[in-house]
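S.K.: prediction below, plus the sequence it came from.
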Amino acid sequence: MRPVSVVITLIVMLVVAFNSALVAGADERKEETVQAEVLPDQLKGHGGPIKAISISPDGEKVLTSSFDYSVLYWDISDAKAAILHRLEGHEAAVNDAVFSQSGKQAYSVSDDGTLAIWDLEKGKLILRIKAPREKVLDIGLSPDGKHAAVARWDQTVRIYDLLLQKEVAVLEGHRGNVNAVAWSSDGKFLYSAGYDGQILEWDAQQLRFLRPVYRHGWGINSIALLDNQRILYGALNGTVAVVDIVRAERVMDIAEQDSPVQSVKVSPDGALAGFSDGKGKIHVFNAASGKEIERGEVTYGPVWDFDFVSGTNQIYHVGLDDFAARWQISPRKINQIAAELPRRFQVRDGKDAGELEFQRKCSVCHTLVEDGANRAGPTLFKVFGRKAGTLPGYNYSKALLNSDIVWNDETIGLLFSAGPDKVVPGTKMPIQRLKKVERREELIRFLKEATEPTEQGKTEK
């Protein structure tokens, strides 16, 4: 072959290869675009603010944990989110839920102090493992999926054997509420953090305290392992930083801001990390360098939690709204989903005095119409004259089911003067009190007018 022919042949081959690469790259970008487009903009189905979100490793299923006492199990493999199961059984707000390794079960923790085990295929509660009724904020599974660690507000970390379905250890060492837990990837160590500003290291096999890894001057709200040597934390004073576990020292400052950090997360592939704060912002950065990639104000009020969708550049975030919303990291696209502001329970003026009390004290859990809207409590429609614990379809506590109370001016007044915990010991109802007589009377007057089957009662939420 002549030299000129060889050169021409090489040029042709390079052009073909280059064009093939362009086509392949275009196909990959198209694949990413299609994948992003089929994700739903919002996950709407809860009846109250959402405390936490967990996305399955394949990016197709989601667990959302809510103030409405439930966990929702979602399919997000299509543009329209589908609720596969509503998991009900907790007796208070659910603060976190995670998938089992197989994806066939889920585990959740709540203000009721329990760890719940769910069958996701049937949508049924398998068991609630009881413990003292203290708030449980966070749950983490061991890498082998056999154990769960939970962060509790009784200053303890508790360990559960998920095969035996029982508590096996109570780890003591914090001097305040424990907010977060995380396992090392080899399962040998467990880390916890809390209001005492400490990150503690535990021997996860011998179930014993090892040492303080780091002491921060303010309470720590969230932690996540970047790898087995580095731990990311977010604090009450707005600090986000990385600690070298072996050297037990802070080695990278990510942010110093004026708003408490609510959550820190690492993407499934470990390339990205992020944090959310009390003012509704999410920041995403390179996990290795700490360099910021994108930030955005996604909601009015705190972003309590968020999670990365595996294999995409998408995030879902949750907070005071009744839905989870999607945010595209890059190119930056925040879905502006309409939410009525101020939210129903944030109203401060412009309404009847009794209605204001209802909005502030009751609306996060109750509606005034026949549809309860999946809120934590039953509808108050026609509540006057109704025997406690008798509304069909609502999962009442045993305390209310066994009660002989009939709701009227006197009993509702007593509920808000003494408190639900005194009137019905063992009830699921959050403690709400109105000490001033005139405020209670205004609330009762409004409820009597709004819960009757009149035109107002049919339209008022």
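M.R.: Yep, that arrived.
S.K.: after the helix or strand that contains residue 400 comes which helix or strand?
M.R.: According to DSSP states H and E, residue 400 maps onto helix 398-401. Counting by DSSP H and E, the next helix or strand C-terminal to helix 398-401 is helix 409-418.
S.K.: give me the pLDDT for residue 421.
M.R.: Confidence at residue 421, expressed as pLDDT, is 84.
S.K.: next, it: secondary structure please.
M.R.: helix (DSSP: H, G, I helix; E, B strand; the rest coil).
S.K.: neighbours of the closest residue to residue 89 other than its chain neighbours, how many?
M.R.: Nearest non-adjacent residue to residue 89, counting by C-beta to C-beta, 6 or more residues apart in numbering: residue 125, 4.0 Å away. Every C-beta, even on glycine, is put in place using the N, C-alpha and C of the backbone. By other C-beta atoms under 10 Å, 15 other residues sit near residue 125.
S.K.: please tell me I have it right and residue 125 contacts residue 85.
M.R.: No: applying C-beta atoms under 8 Å, one finds residue 125 not in contact with residue 85, separated by 10.6 Å.
S.K.: relative to residue 400, how far out is residue 387?
M.R.: To residue 400, residue 387 is 10 Å away according to C-beta to C-beta, to the nearest Å.
S.K.: quick one, which of the two is more surrounded?
M.R.: The neighbour comparison of residue 387 against residue 400 (other C-beta under 10 Å) goes to residue 400, with 20 against 12.
S.K.: what number of residues lie near the residue nearest to the more buried one when sequence neighbours are not counted?
M.R.: Among residues not flanking residue 400 along the chain, residue 389 sits closest, at 3.8 Å (C-beta to C-beta, 6+ apart). By the criterion of other C-beta under 10 Å, residue 389 has 19 neighbours.
S.K.: tell me the secondary structure at residue 389.
M.R.: coil.
S.K.: surely it meets residue 401?
M.R.: Yes: contact criterion C-beta under 8 Å: residue 389 and residue 401 qualify, at 4.4 Å.
S.K.: so which residues make contact with stretch 325-336?
M.R.: Stretch 325-336 is contacted from outside by 36, 39-43, 272, 282, 284, 293-294, 296-299, 306, 313-318, 337, using C-beta atoms under 8 Å, 6 or more residues apart in numbering.
S.K.: change it to 6 Å
M.R.: Contacts with stretch 325-336, where a contact means C-beta atoms under 6 Å, 6 or more residues apart in numbering, come from 39, 41, 42, 284, 294, 296, 298, 313, 314, 315, 316, 337.
S.K.: please apply the same query to stretch 91-108.
M.R.: Here stretch 91-108 has contacts from 51-52, 54, 56, 63, 65, 67, 71, 109-112, 116-118, 120-121, 137-139, 141, 145, 148, 428, using C-beta under 6 Å, 6+ apart.
S.K.: equivalent analysis for stretch 266-285, please.
M.R.: Contacts of stretch 266-285 (C-beta under 6 Å, 6+ apart): 224, 232, 234, 240, 259-265, 287, 292-303, 306, 308, 310, 329.
S.K.: please identify the buried residues of it?
M.R.: 266-268, 272-285 (16 or more other C-beta atoms under 10 Å).
S.K.: if any of the contacts of stretch 91-108 are buried, give me the ChimeraX selection for them.
M.R.: Burial among the contacts of stretch 91-108 is assessed by 16+ other C-beta under 10 Å; the matching ChimeraX selection reads:
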select :51,52,54,56,63,65,67,71,109,110,111,112,116,117,118,120,137,138,139,141,148,428
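S.K.: I'd like the distance between the residue nearest in space to the middle of the chain and residue 110.
M.R.: For the chain, the residue nearest the mean C-alpha position is residue 52 (0.6 Å; C-alpha atoms, centre = their mean). According to C-beta to C-beta, residue 52 stands 11 Å off from residue 110.
S.K.: same check on residue 93?
M.R.: Between residue 93 and residue 110 the computed distance is 6 Å (C-beta to C-beta).
S.K.: which stretches of this structure have low pLDDT?
M.R.: Along the chain, the model assigns pLDDT under 70 to residues 1-37, 334-339, 350, 453-461.
S.K.: just to revisit the earlier point, next, check the contacts of stretch 266-285 against the helices and list the overlap.
M.R.: Judged by DSSP state H, helices contain none of the contacts of stretch 266-285.
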